[in-house]
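Participant: Below are the sequence and a predicted model; questions follow.
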Amino acid sequence: QVQLVESGGGLVQPGGSLGLSCVASGSIFSIYAMGWYRQAPGKQRELVATITSGGSTNYADSVKGRFTISNDSAKNTVYLQMNSLKPEDTAVYYCNADRLRATKWSILRDYWGQGTQVTVSS
């Protein structure tokens, strides 16, 4: 059983910083990439940033230059450092494990965390 557990959300003022982390635990043979997505009220879930096990990153245009994604592949952990936060960054942030293989013979599956709330407000 694979679980993704996020931590680090909360309330921050505009212009402030916040860090998120996500640990994937359980039976894990390999993960192609991990990432962060977010969903604001009344909106669809959208990509924030992803990072492959090899370190290649991809960012949404709206967060480039403000957010930094990093990982520790050995620990199946992904981080998101968010700087210069804006009210429009307010959302539930979800961790994703892309194309995770639980054992050498398992099929590839995506997994999601339960989400952590980030609120940017004065």
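Facilitator: Thanks, I have it. Numbering: from 1, shown residues only.

Participant: what pairs with the most centrally placed residue in the chain across the strands?
Facilitator: For the chain, the residue lying nearest the average C-alpha position, counting by Cα atoms, centre = their mean, turns out to be W36 (2.5 Å). W36 forms beta bridges with A49, C95, as assigned by DSSP bridges.

Participant: Might one say that it is in contact with N96?
Facilitator: Yes: when contacts are counted by Cβ atoms under 8 Å, W36 is listed as touching N96 (7.2 Å). C-betas here are computed from N, CA, C, even on glycine.

Participant: Now the residue in the chain sticking out farthest from the centre: which helix or strand?
Facilitator: Most distant residue from the mean C-alpha position of the chain: W105, 26.3 Å away (Cα atoms, centre = their mean). Following DSSP states H and E, one finds W105 outside all helices and strands.

Participant: Name the residues contacting each of W36 and N96.
Facilitator: T50 (Cβ atoms under 8 Å, 6 or more residues apart in numbering).

Participant: quick one, helices of the protein?
Facilitator: With DSSP state H, there are no helices along the chain.

Participant: quick one: pLDDT of the closest residue in space to Y32 that isn't next to it in sequence?
Facilitator: Closest residue in space to Y32, ignoring its immediate chain neighbours: R99 at 3.7 Å, by Cβ to Cβ, 6 or more residues apart in numbering. Note on R99: pLDDT of 95.

Participant: Assess the claim that R99 and Y111 are in contact.
Facilitator: No: when contacts are counted by Cβ under 8 Å, R99 is not listed as touching Y111 (10.0 Å).

Participant: From the neighbour counts alone, determine which of the two ranks first.
Facilitator: The neighbour comparison of R99 against Y111 (other Cβ atoms under 10 Å) goes to Y111, with 19 against 15.

Participant: Hmm, R109 is touching N96, no?
Facilitator: No: between R109 and N96 there is no contact under Cβ under 8 Å: 11.3 Å.

Participant: of these two, who's got more company?
Facilitator: N96 (22 against 12).

Participant: So for that one, what pLDDT did the model give?
Facilitator: Confidence at N96, expressed as pLDDT, is 98.

Participant: show me the contacts for it.
Facilitator: L4, M34, G35, W36, Y37, T50, D110, Y111, W112, G113.
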